[in-house]
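A.B. asks: Need a 3D model of the following:
(4 chains, ligands or ions: 4)
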Amino acid sequence: MPTQDLAPAKLLRIYYYLKLTRGLEQRVIALYRQGRITGGVYISAGEEAIAVGSASALEPDDVIAPTHRDLGANLMKGITPKEYLAQYLARQTGLTRGRDGNVHYGDIKRGIIGFISPMADLLPVATGVGLAFKLRRERRVVAAFFGDGASSRGDFHEALNLAAVMKLPVIFICHNNQYAYSTPLERQMAVEHVADRAKAYGMPGVTVDGNDVLAVRSAVALAASQAREGGGPSLVEGKTMRMRGHAEHDDASYVPAAMLDEWRKRDPIDRFETYLRTQKILDDSAAKEIGDRLSTEIEEAVSYAESSPLPDARDLLEGVYASP
Amino acid sequence: MPTQDLAPAKLLRIYYYLKLTRGLEQRVIALYRQGRITGGVYISAGEEAIAVGSASALEPDDVIAPTHRDLGANLMKGITPKEYLAQYLARQTGLTRGRDGNVHYGDIKRGIIGFISPMADLLPVATGVGLAFKLRRERRVVAAFFGDGASSRGDFHEALNLAAVMKLPVIFICHNNQYAYSTPLERQMAVEHVADRAKAYGMPGVTVDGNDVLAVRSAVALAASQAREGGGPSLVEGKTMRMRGHAEHDDASYVPAAMLDEWRKRDPIDRFETYLRTQKILDDSAAKEIGDRLSTEIEEAVSYAESSPLPDARDLLEGVYASP
Amino acid sequence: MEITYLEAIRQALWEEMDRDERVFMLGEDIGVYGGAFKITKGFYEKFGPERVIDTPLSESAFVGAAIGAALMGMRPIVEMQFADFIACAFDQIVNMAAKHHYRIGEPVPLVIRAPYGGGIGAGPYHSQCPEAWFFHVAGLKLVAPSTPRDAKGLLKASIRDPNPVIYFEHKYLYRHVKGEVPDGDHLVPIGKAEIKRQGSTVSVITYGAMVHHSLKAAEQLMPEGIDLEVVDLRTLQPMDFETIMASVEKTGRAMVVHEAPKTGGIGGEIAARLAEEAFRCLDAPIFRVASPHSPVPFSPVLEEAYLPNADKIALKARELARF
Amino acid sequence: MEITYLEAIRQALWEEMDRDERVFMLGEDIGVYGGAFKITKGFYEKFGPERVIDTPLSESAFVGAAIGAALMGMRPIVEMQFADFIACAFDQIVNMAAKHHYRIGEPVPLVIRAPYGGGIGAGPYHSQCPEAWFFHVAGLKLVAPSTPRDAKGLLKASIRDPNPVIYFEHKYLYRHVKGEVPDGDHLVPIGKAEIKRQGSTVSVITYGAMVHHSLKAAEQLMPEGIDLEVVDLRTLQPMDFETIMASVEKTGRAMVVHEAPKTGGIGGEIAARLAEEAFRCLDAPIFRVASPHSPVPFSPVLEEAYLPNADKIALKARELARF
Ligand SMILES: Cc1ncc(C[n+]2csc(CCOP(=O)(O)OP(=O)(O)O)c2C)c(N)n1
Ligand SMILES: Cc1ncc(C[n+]2csc(CCOP(=O)(O)OP(=O)(O)O)c2C)c(N)n1
Ligand SMILES: [Mg+2]
Ligand SMILES: [Mg+2]
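C.D. replies: Ligands and ions are numbered 1, 2, ... in the order given. Purely as a prediction, here's the structure:
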């Protein structure tokens, strides 16, 4: 872990969001197995440090354009466990009021561009957010997340190029989790690092240990401060591993077991917890207290979601267009 | 000029096609000014060496996917001046029988994929040609041309990535002619060389003097021999200059005059002619003989085109679908 | 033996891959994984990685590559993971594939398999019916079977067709529909509709999953003396207007049913042609039953309200019969 | 004073840029060069490089960027160099821009200017009428003015609309059509058709360049006692069906005219709605005059045969009047 001058409160905040992310997703998996979730389930287990580390490096009025594995970042931007679970249960109280499902939600007021399925589509959109900041002389940045698979799409290229040419305050952050659905990295690209792709745009590209939350945080913080100073965009790649199937229906039998074993040892939350303990920032009782708090929050969220009303079919056609 | 072991006949063939390209296009400009052309006119003056040098490095059964500035390559692949002019005059004898115009033509039997307007669209298509070669174990390659502007499109990225991952026998050849319509390079990309973009794909990327026909030829020949041996794709960038407007309606007043003056001194045909003369491969009488032959050919082509019938409106709907 | 719609597609692919070396497949996760819907399960093992190609995540590139391979005489089959992502390859399809033969005179034999449609609780990005986007584009053929028999026969015909064909396979039908499929080299010609149920009161012109809902509506209405004729288009482009006309001439009443939104859907074209060409034999207005003008909602409550179904079809058919 | 259609567009852009700081433009070659059609000539000098942005050649990125800027409260106007290239941004438009408000409840105020249409001898890639691709997509508004007055008023209204609007500006009209435009802050509301010519025999429902051809056909037919009513849709989505209905109720005869190919065109929807909702007042079949099912050919000989024009409209209108 790179030593960083972070106050214990900040470190504990990171710890809290890592644990909240993991806890919420584990709960969703359990609900899924019980048939209580509507639709598929996308989990970020093992790669929470990228979402949380990145979001922890941002200012409150910065914006994120998340992927389907960025629950941690969404939570840090203010999405509540209740909203998240109500979304997974397709309730009226969910973030899209049942119009869209699972990880497809956002709220621009809280600085979150709603994720959509077509991979990499949010990268041009994030570029436009950066453009708005630049035109209005705001010292804000936007963090745009994407997967290794998404980096093969044309929209990735067009967005990074546009951001670089216009020197926009965008941080492109890659979850390199070794797979895109069943497709391993070597069938996705012929370069070693996704960060190598930055060279095509004349922007800095760095590769960090994506399972080291403070390493992610510091790389993103650096990129953010450059962006804020008018230095233009950067690409930050976090190497990590997708520890579950693409979605919960997928047993991921195409992933070698040894690979998972190897990565399990590098679990980002375990590592960070160990670090906090060695730094004497966390002890058993503090950990227990946080754990209890999280359990309560999560269970409250489950009850909230389950007792929330379903959408009303009479609203079906409401809001197809915005009214003036 | 890099010394290459090229027999004089080969060098004279290159010279011939350079001159034919220039001569035909000059004739088209004259016809355009007289109002005898249907539609716009796209000229490759000043960058003929890229098309001709590249095509001269290919084997007869290799395939090209040209841009709108690759007349020289099309001619070397067998397009005749008559067909070319009939196309510009939108005649029934043109390569598309009046269905499409100017530089939008091709003939797969002669190894030419028909160019279409959306920039970079042919790059994925060329990749598929390379895929067919690979699947059938044919030792053929495909040369896919594109402009500096086209390199900003998503299809460029997706195609180069796919070709690299699959190690396909494709040579991606860039006319870096400093402008995309009115847009100068620095508004198109934040890297110095288009060839830098090869680094994102793990393929070789080389930059050559695009106004040196033999330099282009040898770079493409090298890339072709690697591709033929299973070494996968390469990117070859020829630095050149678009010496006229984007099309003939465009006076290109946005291009600094000094820039044109500078590049005019590096005219690829003048330079190659000087080289041939110093090498004693060409003298006044040989040059005159070639010039006369070209004039005759070109004028015959003009007459042919002008006396060719217009398409017949009754055929309008013929061939929308291929019949089994 | 009855097989599923999914198995019918699988068989068609298998037989064509086996029959013709030029046929190969490309798409995301179709190899080792066997595809998001497991349609190509076992193909990688049988035909090898060269003919069952896992591509990078780049729809435009692999559709473009399929076009290039087709131009060189291959017979590529592209799998879209979901039809919704065909939007990412739109330019290659409409500008390159569709126009090439008209412009240059060279065939582009290419099949794009597009798993489409809703009713599976999958929301706005995994439920769309995008066939109308392509219906307006000359040079493309569009196929949308409703039964295992048609699914198999039409896919084989599509693979052998010298044109770019978009093959719309309905995700809801994959495992919900079973049926007999003739043995041997079973082909269903592109461009031929089929009367899936003879009837005398109202012609229901439909395709895809809505064929089944229409047949169900017909059963509901029988006791009321309303006898629906269900015309399954099977091919959307070129459309078999003769069969439609013959049916409407017989019944004098027509309704079009599709799952795609009504506005701008294919039903508009059918109704418009009937309003022009069958004016004299129409005894009643032409009705359309289709989804409303909105994205496909995710929540089952909303999706249920959104999608046409047997009840909604029966309701309109009753109204039409009584007109 | 009469101004051209092109000048009307220019004025609308200028006034809105002047009025509202949040309005800015992006596209290829719109800055120093002033755009392929010179519509933004002088804007770069007046409003500067930050508000008149020359982008790299990447339609998907700059449409996506416009969406992002719109989400942040800006009012971006995108110029497609030619409408044909909108295919390259299709996914961003239909999957991101169109669905965002329904899903998330946030407005996406965005205008995409699409110079479209043929009749200028420009062939398959610079002549397309792609409006039907988007007509089927909920969440988009589509506007297609025919006169300088409407061009200006509708563009200003589009820029102020909180939804993604595709503004189809017809290239043939740019310099071929002149007309008066009211002074001051002239707005034409989105969603309102206009009767461009009152008539009693046949309702011609049309838009874009075909409005002018229809008016010409009306003049041709006057001496024959055939009196066309020309309904200019002006907005395609949402469509002003009330005005269409009122006209058809009056005349009892309807034909739809558009330049886009007939199959799958917007005319199908209009005819279908009439066949359902105006059945009782129709005295004759509904005709459609539109381009055939092929790419737009390049040769003027072929394009002339391809495009609808006053003669072709008059021919069909005569047939309809006599029915
Ligand atoms: C354009 C597009 N094509 C296909 C898909 C189907 N799909 C969903 S996620 C996925 C893999 C994404 O891989 P990656 O970008 O590495 O993200 P990860 O899931 O590994 O986090 C695919 C192919 C999609 N969503 N979008
Ligand atoms: C996708 C797309 N967008 C816009 C255009 C309009 N256009 C035609 S050529 C051109 C510039 C091309 O620049 P470049 O690729 O550098 O080729 P060059 O003309 O300089 O040879 C543009 C913008 C197009 N043809 N395709
Ligand atoms: Mg991944
Ligand atoms: Mg250029």
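A.B. asks: Quick one: name the residues of the stretch 151-300 of chain C near chain A.
C.D. replies: Taking CB under 8 Å from any CB of the partner chain as the contact definition, the stretch 151-300 of chain C meets chain A at C:P292, C:H293, C:S294, C:P295, C:P297, C:F298, C:S299, C:P300. (Glycine included, C-beta is placed from N, CA and C.)
A.B. asks: Could you rerun that using 10 Å?
C.D. replies: Within the stretch 151-300 of chain C, the residues that sit near chain A (CB under 10 Å from any CB of the partner chain) are C:P292, C:H293, C:S294, C:P295, C:V296, C:P297, C:F298, C:S299, C:P300.
A.B. asks: pretty sure the fifth one is in contact with C:A305, am I right?
C.D. replies: This points to C:V296. No - contact between C:V296 and C:A305 fails when scored by CB atoms under 10 Å: they sit 11.4 Å apart.
A.B. asks: Drop the exposed ones from the residues of the stretch 151-300 of chain C next to chain A and show what's left.
C.D. replies: By neighbour count, with 16 or more other CB atoms under 10 Å in any protein chain shown, those hold C:H293, C:S294, C:P295, C:V296, C:P297, C:F298, C:S299, C:P300 as buried.
A.B. asks: Excluding sequence neighbours, find me the nearest residue to the fourth one.
C.D. replies: Looking back up the chat, that one is C:V296. Excluding the flanking residues, the one nearest C:V296 by CB to CB, 6 or more residues apart in numbering or on different chains is C:S127, at 4.0 Å.
A.B. asks: ok, back up a step: out of the buried ones among the residues of the stretch 151-300 of chain C next to chain A, list just those in helices.
C.D. replies: Here DSSP state H is the test, and those give C:P300 as lying in helices.
A.B. asks: Mind putting the buried ones among the residues of the stretch 151-300 of chain C next to chain A into a markdown table with pLDDT and distance to ligand 4?
C.D. replies: Listed next are these as a markdown table, based on pLDDT from 0 to 100; distance: CB to the ion, whole Å:
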| residue | pLDDT | distance to ligand 4 |
| --- | --- | --- |
| C:H293 | 98 | 42 |
| C:S294 | 98 | 43 |
| C:P295 | 98 | 39 |
| C:V296 | 98 | 42 |
| C:P297 | 98 | 45 |
| C:F298 | 98 | 45 |
| C:S299 | 98 | 49 |
| C:P300 | 97 | 52 |
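A.B. asks: returning to what we had before: can you report phi and psi for the residue nearest to C:V296?
C.D. replies: phi -140, psi 0 (degrees, to the nearest 10).
A.B. asks: number of nearby residues for it?
C.D. replies: Neighbour count of C:S127, defined by other CB atoms under 10 Å in any protein chain shown: 27.
A.B. asks: so it makes contact with C:P297?
C.D. replies: Yes - C:S127 lies in contact with C:P297 (CB under 10 Å); the separation is 8.9 Å.
A.B. asks: if I look at the residue nearest to C:V296, how far off is A:G94?
C.D. replies: Counting by CB to CB, to the nearest Å, the gap between C:S127 and A:G94 amounts to 18 Å.
A.B. asks: With C:R51 instead?
C.D. replies: Between C:R51 and A:G94 the distance, using CB to CB, works out to 44 Å.
A.B. asks: what's the closest non-adjacent residue to the residue in chain A positioned nearest to chain B?
C.D. replies: Residue of chain A nearest chain B, by CB to the nearest CB: A:G154 (1.7 Å). Leaving aside its sequence neighbours, A:G154 sits nearest to B:G154 (CB to CB, 6+ apart; 1.7 Å).
A.B. asks: tell me the contacts of the one you found?
C.D. replies: By CB atoms under 10 Å, 6 or more residues apart in numbering or on different chains, the contact set of B:G154 is A:120, A:124, A:153-159, A:161, B:120, B:124, C:58, C:60-61, C:88, C:91, D:58-61, D:88-89, D:91.
A.B. asks: Farthest pair within the residues of the stretch 151-300 of chain C next to chain A?
C.D. replies: C:H293 and C:P300 (20.4 Å; CB to CB).
A.B. asks: before we move on, back to that, joint contacts of C:S127 and C:P297?
C.D. replies: Going by CB under 10 Å, 6+ apart, residues that sit against C:S127 and also against C:P297 are C:G118, C:G121, C:E303, C:Y306, C:L307.
A.B. asks: In a markdown table, list the residues you listed along with pLDDT and secondary structure.
C.D. replies: Rendered in a markdown table, the data for those read as follows (pLDDT from 0 to 100; DSSP: H, G, I helix; E, B strand; the rest coil):
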| residue | pLDDT | secondary structure |
| --- | --- | --- |
| C:G118 | 98 | coil |
| C:G121 | 95 | coil |
| C:E303 | 98 | helix |
| C:Y306 | 98 | helix |
| C:L307 | 98 | coil |
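A.B. asks: How much space separates the most centrally placed residue in chain A from A:T21?
C.D. replies: To find the centre residue of chain A, average its C-alpha atoms and take the closest one (CA atoms, centre = their mean): that gives A:D70, at 1.7 Å. Summarising the geometry, the distance separating A:D70 from A:T21, computed by CB to CB, is 9 Å.
A.B. asks: quick one: buried residues of the top helix by length along chain C?
C.D. replies: The longest helix of chain C (DSSP H) is helix C:5-19. Neighbour-count burial for helix C:5-19, with 16+ other CB under 10 Å as criterion, is recorded at C:Y5, C:L6, C:E7, C:A8, C:I9, C:R10, C:Q11, C:A12, C:L13, C:E15, C:E16, C:M17.
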